[in-house]
Every structure is written in C-alpha cells, then in structure tokens.
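In: Sequence and predicted model, in that order:
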There are 4 protein chains.
Amino acid sequence: MAIKKTSKEEILNKAIMLFKTQGFSNTSMANIADECGLIKGSIYHHFKNKYEIGLEALKYISEYFDKNIFSIKDETLLTKEKLEKIVKKTDEYFLNSTGGCLLANLATEVSNQNEEYKAVIVKYFKTWEECLTKILQEKYTKKEAQNLAYEYICTLQGSIIMFNLTNDKAKLLIVGKNLLSKV
Amino acid sequence: MAIKKTSKEEILNKAIMLFKTQGFSNTSMANIADECGLIKGSIYHHFKNKYEIGLEALKYISEYFDKNIFSIKDETLLTKEKLEKIVKKTDEYFLNSTGGCLLANLATEVSNQNEEYKAVIVKYFKTWEECLTKILQEKYTKKEAQNLAYEYICTLQGSIIMFNLTNDKAKLLIVGKNLLSKV
Amino acid sequence: MAIKKTSKEEILNKAIMLFKTQGFSNTSMANIADECGLIKGSIYHHFKNKYEIGLEALKYISEYFDKNIFSIKDETLLTKEKLEKIVKKTDEYFLNSTGGCLLANLATEVSNQNEEYKAVIVKYFKTWEECLTKILQEKYTKKEAQNLAYEYICTLQGSIIMFNLTNDKAKLLIVGKNLLSKV
Amino acid sequence: MAIKKTSKEEILNKAIMLFKTQGFSNTSMANIADECGLIKGSIYHHFKNKYEIGLEALKYISEYFDKNIFSIKDETLLTKEKLEKIVKKTDEYFLNSTGGCLLANLATEVSNQNEEYKAVIVKYFKTWEECLTKILQEKYTKKEAQNLAYEYICTLQGSIIMFNLTNDKAKLLIVGKNLLSKV
DNA sequence: GATGAATGAGCGTTCATTCAT
DNA sequence: TATGAATGAACGCTCATTCAT
C-alpha cells in the first residue's frame, strides 16, 4: 500500500514540477512519463487522464498548504509568532519551487476554460486569505485584517512572478517582512 | 473562396486575446485562424511561425505601454497628476482585458524555456518600474521610490490574477488608489 | 518578345538547376520563385503548373542535346573527328552541371509514375544511342556499333552519378577517352 | 481497432520499395503507413522520423551487399568462380528490384544536401569497388583491376537506369557477362 | 507581368489515450 | 503494474494553385 501510494505521489510531484516550469498544456504525458522513467501508457495505471493529473496536482498543493501552513492559525502561539511561522513556511515553499505558484499559473492558463480547476484555485486563495485574516483580526478590525491579508497574497503572487524572472530571493522575502512589520 | 484582406495587427489582436484567455501553448494556429475567419495556412502569409506571433504579441503590448502609459512620466504635470494619469490608464487597460496580463502569463508559461520571450518580458517590467520610480523620486529618495514602484507592480500583477478569478473590479482598483495615497 | 522569352528560359534554367541539385519533388514552386527573385504566384504567368516546368525542363535539355551535340553526326567530318567533337561537348556539359543528368535523375525519381515524362526521357536516350551508332557504323557492324554506343551511354551515366559523389573530373573524362580509343 | 504486430524490418522493406519507385521526397509517411496497413502516426513507434527511415534503408541495403555479395571475395574459390558468383547475385538483386538502386537514386536526389546519407552511399560504392578490385588483382595489376572494377560499377549503374526505363533484362545481364569475359 | 492575400490539401510529427500481452 | 504497439485527432507548417488588384 505505502509503496503504491508513493509511486502515485512521485508521478504527481514530477508532473507538478513540469507543469510549473513548462506550463500545463506544454507538458505532455510523454514528458511526465520520461521524468518518471516510465513509458507514457503506464501513467494511465495511476491516473485516468491528463486532466485528472492536473486536478490532483492542484488539490495536492492546496492540501499541502492546508495541512502545513494554513493550520498554523489554530496553534496556540502569539499573533506575531503565528504570522512569523506562516511567512517562514510560505517563503520556504516558494523559494524552493522553480516555476512559481502552480495554482496562480493555472489560474491564468486554463481556469478560464475549466470550472473544476477554477473552483480548487479560488478555494485555495480564499482559504489563504481567511487564514491570515483570522490571525490579523487579533490586532486589527475584520475589514482591516481582510485588506492586509488580501494585499499580502496579491503582492506575494506578483513577487513570485518577478522572482521567476529575476531569481532575486531578497525581493521575494521583503513581502513577508512587510506583513510581519504590521503586527 | 471569397478573398478578404486581413491586416497583421488584426491577427495579432485576436491572437493576444486567445493567448490571454487560453494560454499560449493551448492556443493553436487553427484557433487563431478561426477567430480571424481564415484557414490556418493563411496566417503564415503574415507571420513566419507561431513563435513569431507570440514574440510580436509581447512586443505589441510592451510598445503600447511605452507609448501610452510609461511616456506620461515625461509630461509637464504635477507629481500627483502624472501618477493619477498612469494609474487611470493602467487600470483601464487591465479592467478591459480578459485573461490578465499577457507578459506576466507568458513569464510563467514559456519564458523558462525561451530567452527571447523572457528578454521582452523582463524589459517590460523594468521599464515600468523605472517609469514609476522616476515620478516617485520627486517626493521620495531613490531607494524608497524604487521600493514603492516595485511593490505596486507586484501587487497589481497579483491582483490581476485574482481579478481574473473573481471579476471583482473594486479590488483591482484599490491597488492604484493605495499608490496614489502615497503622494 | 525576345525579352519575354528570355524571362521564361531564365526560370527554366533556374528550375533545372534546382531539380538537379535537390530533386524534382524536393524543389517547391517557392524555391524556384526565390531563385528567380519572384514570388511563387508569378511563376504561373509563365508555366501552367509545376508539372509543366518539369516537362519543359526535360524537353529543353533534350533539345539542347539534339541541336548542339547529336546533330554533329551529320556534319562532314572524319569519323574520329565527329566522335571527338561529340565527346568533348558531352563532357563539357556534364562537367559544368552540378547534380548530374536531369533526364537520368527523373528517370528514377518520377518516370515510374508519369508516362509523359518517361516518353521524353526514353526518346532522349534512344536518340543519343542512334547518334553514336550512326557514327560508329562507319567503322563497325550495326550490331557492334549499337553495343558500343549503348555501353558508352550507360557507363557515362553511371560515371555521372559517381562524379556527383566524388567530384573527380578525371574519372568522368575516361569514359569518353575509352570510346575514342575504339575508332 | 485491431492491433497487429508490425516489425521494423517489414516497414523498412516497404519504405525501400516506395523510395525506389517514387523517390524519397515523393514518398510520404502516409504512403509508407498505407503500405504497411498502419496509420502514419504508428510508424513513429518504430522510427524516430522520416530521415531515419531513409538512413536505415540505405544502411540496410548496404549491409545486404556486404554480407551476401561483397563477402564472396574472401571465399576459397577460383578467381572466375568468385566473380561469377558475385555477378550472379548482383544481377539477381537488380533484376528483381523495381526502381533501380536506392543508393544511386538517393545519391542524386538528396545526397547533395545531406552528408550522413552521402557518407553511407560513398562507402557502399567504395566497398563494392574494393571487393571487385581484390578479385581482379589475381589476374591484373592493381591499377588495371581498379579500372575494370570501377568501369563495371558505372556501367551497371547506368544500365540499371536504362533497365528501369525499358525493362530489357538481357541488356542488363550483358554488363556482368562483359566483366566475366575478362578473367 | 507582377504582387500579395488567400485557399484546401497534404506534409512530418506529436498528442492523449487504449489495450493485448 | 509495466510494456509496446497501436489509434485518430490534432499539431505547426508547407504545398501547389488561384485570383483580385
């Protein structure tokens, strides 16, 4: 069981890497199979089709953020500590992830044409915003907290695009520092 | 059978629209031709290949910003007036442009694999930053001006992604208002 | 009149050169037009279609041999002198003609599928054989003369193929020398 | 729908037949596939591209001659016996091979533009010449042997072109008989 | 005559997907 | 599960050809 699950997860991780660096449409089943040391037909033992790989990739990342980052909001820590922890983990994730944020990428590449993808992406950003809002509400009004949260996410997403072009890590880290300076 | 004249710019605009809403790789020559009322082979009368359409699309938008928006920095207006004019024109552009910012989209979709595309995109964002920096320097130190300019662009780009998902115009406009509140 | 005729002949000569160096199927109307400094549509003012260019090319060369080489058989010269003149002109033609003998090339490339082309080619070789036979009959029996003529043509054609591969002029010239040594 | 196993050699043989009778450029992947009862995309399971089919076709024939004909030079037979055996097998090959000699055909059709093809073709003819030279040296000086070998190959190649036009088997066989009469 | 824009068919190639082994 | 052979559709692109200007 454990082995099989790892196998599927391995394919998913390779696919995610390719989707982020080459784009979703620009990544073929053969590309994914190559990366996994398989032939393309074999991928279909793990996933129904390419569409499903894309969907599971989005969910996989979304769940990663839920479990490892957004959940921090419920830990028993000081406001600043929670925010620091979240910012640190978020920065780590995007600094080590060539090709940017898959959910943002697919938001522009395919979500216009696909409601199921779009739903996962919209929920991901909403959950993110709610997570930060909840913490910031400890120091700000709800409205203020929402605005700060939303602004942070937007700025970070824009910065990720720039990071992808320039590879300037310091500039990416500023976004989190700015948020932390507000609590 | 009926022969009708199609201008190069016409094709380019249709292509840009498709690239933004469907992604570059996901848009076929047949898609572009359909949109223009041509068959796909006819496109090659105007462009050498798909790659060139992509490149000219990026340059076309980049030049639009150069001529119509970034040039405002050199007009003889008050600091605030220049910034207002720029913000207004920028907001107008992105509010009426389904699918977001093509240069940001291609930055993630294909620029990893293509230096010529990447160069145009990098230059576009750099020129944008320099434009805003020049104006903000009238009220801030160079360093401060650069930071404000860069932050604005990042936040706007992130907001464009969100706008594309939610269609909430008000939230997009906030980014410009925030910038204006600083002069 | 004279100018127009030259124009058509010019296209034909460029086409022949391309057919010989690139093959007939591998040469496009655009290739021919490029070589003539025209756009491809313009070729159709001179020739009905590509097929006709091929046919006229074959006829053009065939007529060149008729007028300039095969006609020598009827001149009032000694046997050896006639043969020397023919060999000299034949060698000159093929030494200065990259890509070999168009009629032989098309014999293998397209004549299996095209009776009209094939007819011109068959007639060309037959006329050539008859020309040499007529001269050689002055010294040999008809049967012997025919054999010598046929063998010379075959050997020369094979040598042209080799010349095209090795560019060794001396080896090409041997074929004619051998023939001349027999009278 | 029905899946049937097609061997690589099967495809190669069909391709060779088409290349010889229609020319290389004039033979499409769809032609080859049709002949094999496949659709054109399926060919790519066996060959990387059309270029590779051409190359492997040339090598396949070249190796056939190496193994079955040129190797006879090393058998322990009388000079005349070896030559007879070679001539017999060579004649058999070309009598039953519509469309002539693929290596000679591609020598004129594409080798001007392709060094890799050209190398295989040049080597084929060189090996052939060396094979005959080795045997003829048993009765002639090296120089004489080379000349006889080269002349035989050229004459045979020219005769193959003529055979393709006239289908006169007797005339093709004369070339070998002439060679044999010299030992 | 030449041009430029168009066409429909076909090119070589790759796509996602299927399925017997 | 993995493989290898296949499929039909689509890809980007080029073909020979037409025709209004």
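Out: That came through, no problem.
In: show me the contacts for residue A:61.
Out: Taking CB atoms under 8 Å, 6 or more residues apart in numbering or on different chains as the contact definition, residue A:61 lies against A:16, A:102, A:103, A:124. For the C-beta atoms, the positions are set from N, CA and C on the backbone; glycine is no exception.
In: From the chain's centroid, how far away is the host helix or strand of residue A:171?
Out: Per DSSP states H and E, residue A:171 falls inside helix A:169-180. Its chain's C-alpha centre lies 17 Å from the corresponding centre of helix A:169-180 when counted by CA atoms, centre = their mean, to the nearest Å.
In: Stretch A:119-128 too?
Out: Between the mean C-alpha location of stretch A:119-128 and the chain-wide mean there is a distance of 10 Å, by CA atoms, centre = their mean.
In: Could you do stretch A:94-101 as well?
Out: Between the centre of stretch A:94-101 and the centre of its host chain there is 9 Å, according to CA atoms, centre = their mean.
In: Which of the contacts of residue A:61 fall within helices?
Out: Using DSSP state H, A:16, A:102, A:103, A:124 are the members of the contacts of residue A:61 that sit in helices.
In: Nearest to chain D, out of the residues you listed: which one, please.
Out: For these, the residue nearest chain D by CB to the nearest CB is residue A:16; the value is 28.1 Å.
In: number of nearby residues for the closest residue in space to the closest one that isn't next to it in sequence?
Out: Closest residue in space to residue A:16, ignoring its immediate chain neighbours: residue A:57 at 4.9 Å, by CB to CB, 6 or more residues apart in numbering or on different chains. Residues lying near residue A:57 (other CB atoms under 10 Å in any protein chain shown) number 26.
In: how about residue A:57, what does it touch?
Out: Listed by CB under 8 Å, 6+ apart, the contact set of residue A:57 reads A:12, A:15, A:16, A:19, A:102.
In: could those go into JSON lines alongside neighbour count, pLDDT and distance to residue C:88?
Out: What follows is the contacts of residue A:57, written out as JSON lines (neighbours: other CB atoms under 10 Å in any protein chain shown; pLDDT from 0 to 100; distance: CB to CB, whole Å):
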{"residue": "A:12", "neighbour count": "20", "pLDDT": "96", "distance to residue C:88": "77"}
{"residue": "A:15", "neighbour count": "27", "pLDDT": "97", "distance to residue C:88": "72"}
{"residue": "A:16", "neighbour count": "22", "pLDDT": "97", "distance to residue C:88": "75"}
{"residue": "A:19", "neighbour count": "24", "pLDDT": "96", "distance to residue C:88": "71"}
{"residue": "A:102", "neighbour count": "25", "pLDDT": "96", "distance to residue C:88": "76"}
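In: Report pLDDT for the residue nearest to residue A:16.
Out: As predicted, residue A:57 sits at a pLDDT of 97.
In: From chain C, how far out is it?
Out: Taking CB to the nearest CB, to the nearest Å as the measure, residue A:57 falls 44 Å from chain C.
In: how about that residue, secondary structure?
Out: helix (DSSP: H, G, I helix; E, B strand; the rest coil).
In: just the one 10 residues further on next, same as before
Out: In terms of secondary structure, residue A:67 is helix; the call rests on three-state DSSP.
In: Not counting sequence-adjacent ones, nearest residue to the residue of chain A found nearest chain D?
Out: Residue nearest to chain D within chain A: residue A:39 (10.8 Å; CB to the nearest CB). Once its chain neighbours are removed from consideration, residue A:39 has its nearest residue in residue A:33; the separation is 5.6 Å (CB to CB, 6+ apart).
In: what about that neighbour, helix or strand, and which?
Out: Under DSSP H and E, the secondary-structure element containing residue A:33 is helix A:29-36.
In: Just give me how far that helix sits from the chain centre.
Out: Helix A:29-36 has its C-alpha centroid displaced from the chain centroid by 22 Å (CA atoms, centre = their mean).
In: Any residue of the longest helix anywhere in chain A touching chain B?
Out: For chain A, the helix reaching the highest residue count under DSSP H is reported as helix A:142-166. Yes. Helix A:142-166 is in contact with chain B by CB under 8 Å from any CB of the partner chain, via A:147, A:150-151, A:153-159, A:161-162, A:164-166.
In: Helix B:142-166 and that helix, what's the angle between them?
Out: Calculated by axes from the mean of the first three to the mean of the last three CA atoms, to 10 degrees, helix A:142-166 forms an angle of 100 degrees with helix B:142-166.
In: residues touching residue A:105, list them.
Out: With contacts defined as CB under 8 Å, 6+ apart, the neighbours of residue A:105 are A:19, A:20, A:23, A:24, A:99, B:108, B:109.
In: Which residue is the nearest non-sequential neighbour of residue A:166?
Out: Excluding the flanking residues, the one nearest residue A:166 by CB to CB, 6+ apart is residue B:122, at 7.3 Å.
In: count of residues packed around residue A:155?
Out: Neighbours of residue A:155 (other CB under 10 Å): 26.
In: how close does it get to residue A:107?
Out: Distance, residue A:155 to residue A:107, using CB to CB, to the nearest Å: 16 Å.
In: same question, residue A:14
Out: Distance, residue A:14 to residue A:107, by CB to CB: 22 Å.
In: Show me which of the two is the more surrounded one.
Out: residue A:107 (25 against 19).
In: Which residues are in contact with the more buried one?
Out: Residue A:107 sits in contact with A:118, A:121, B:161, B:164, B:165, where contact means CB under 8 Å, 6+ apart.
In: Closest one to DNA strand F out of those residues, please.
Out: For the contacts of residue A:107, the residue nearest DNA strand F by CB to the nearest atom of the strand is residue A:118; the value is 21.4 Å.
In: hang on, residue A:94 packs against residue A:102?
Out: No. Using CB atoms under 8 Å, residue A:94 is not in contact with residue A:102, being 10.9 Å away.
In: List the buried residues in the helix holding residue A:33.
Out: Residues of helix A:29-36 classed as buried: A:29, A:31, A:32, A:33, A:35, A:36 (neighbour count, 16 or more other CB atoms under 10 Å in any protein chain shown).
In: Surely the second one and residue A:21 touch.
Out: Spelled out, that is residue A:31. No. Because the distance of 10.4 Å does not satisfy CB under 8 Å, residue A:31 is recorded as not touching residue A:21.
In: Near residue A:56, how many other residues are there?
Out: Counted by other CB under 10 Å, the residues lying close to residue A:56 total 21.
In: no wait, residue A:64
Out: Residue A:64 has 12 neighbouring residues, counting by other CB under 10 Å.
In: same question, residue A:51
Out: The local packing count at residue A:51 equals 14, with neighbours defined by other CB under 10 Å.
In: and chain A, which residues reach chain C?
Out: So chain A never meets chain C (CB under 8 Å from any CB).
In: By mean pLDDT, which helix or strand of chain A comes out lowest?
Out: Within chain A, no helix or strand scores below helix A:2-22, which has a mean of 82 by mean pLDDT, DSSP states H and E.
In: Just list what that helix packs against, helices and strands only.
Out: helix A:29-36, helix A:50-68, helix A:102-109 (3 or more CB pairs under 8 Å, 6 or more residues apart in numbering or on different chains; DSSP states H and E).
In: Quick check: buried residues in it?
Out: Neighbour counts over helix A:2-22 (16+ other CB under 10 Å) mark A:11, A:12, A:14, A:15, A:16, A:17, A:18, A:19, A:20, A:21, A:22 as buried.
In: Surely the fourth one touches residue A:32?
Out: So the one you mean is residue A:15. Yes. Look at residue A:15 against residue A:32 with CB under 8 Å: they come within range, at 4.9 Å.
In: where do the contact lists of the two overlap?
Out: Applying CB under 8 Å, 6+ apart, one finds that residue A:15 and residue A:32 are jointly contacted by residue A:53.
In: Find the residue ranges of chain A scoring beneath the pLDDT cut-off.
Out: Counting by pLDDT under 70, the low-confidence segments of chain A come to A:1-6.
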